[in-house]
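S.K.: Generate coordinates for the sequence data below:
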Amino acid sequence: STKVIVLVCLQTLKRPSWRPPNYVFAPVWTGLYCGMGYASYLVWRDGGGLEGAARLPLALYSSQLALNWAWSPIFFGAHSLKWGLVDITLLWLNVAACIFTFHQVNKTAGLVLVPYLGWLTIASALNYVIWRDNPDKQD
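M.R.: Predicted coordinates:
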């Protein structure tokens with residue numbers, strides 16, 4: 001089946017020794033999504049919703065969610081290491097802009113997103129190293 005092929009392809013990728021263990025991902029992402037939700041609520045509340053100062057920060061927030069959600073189908077579904085790297089790079093830049101604009105509306109909201117950017121930094125480096133070390137798997 002397709003799932004078996006995907007698993008075999010992923011298991012054959014050369015991955016760096018510093019890659020976090022699989023059991024870390026679910027609790028980290030759960031915490032990050034809770035923080036993202038809380039931060040977006042603070043910006044929406046203090047920035048006047050979509051009609052006030054929160055408009056741009058929440059637009060950035062929405063676009064970072066789309067980029068975040070797109071990464072897994074690109075990297076795992078399409079097996080595209082290169083386009084996964086492009087996506088996560090755009091995501092990192094978007095989240096940095098989100099932090100900046102959130103902080104202008106509510107300082108706590110901006111700070112709550114900093115761990116997310118830290119995690120994306122690790123994930124981006126991991127995506128890059130996997131792309132670099134697996135030239136035979138590139139599209």
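
S.K.: From here on, just use CA atoms for contacts and neighbour counts.
M.R.: Fine.

S.K.: Just the mean pLDDT for whichever helix or strand Thr89 is part of, thanks.
M.R.: Assigned by DSSP states H and E, Thr89 belongs to helix 81-105. When pLDDT is averaged over helix 81-105, the result is 98.

S.K.: Next SSE downstream of it?
M.R.: helix 107-112.

S.K.: From the contact counts, what lies against the next helix-or-strand element following that following helix?
M.R.: Stepping forward along the backbone from helix 107-112, the first helix or strand reached (DSSP H and E) is helix 114-133. Here helix 114-133 touches helix 81-105, going by 3 or more C-alpha pairs under 8 Å, 6 or more residues apart in numbering; DSSP states H and E.

S.K.: quick one: Trp131 from Trp83, how far?
M.R.: 10 Å (C-alpha to C-alpha, to the nearest Å).

S.K.: These two: who's more crowded?
M.R.: Trp131 (22 against 17; other C-alpha atoms under 10 Å).
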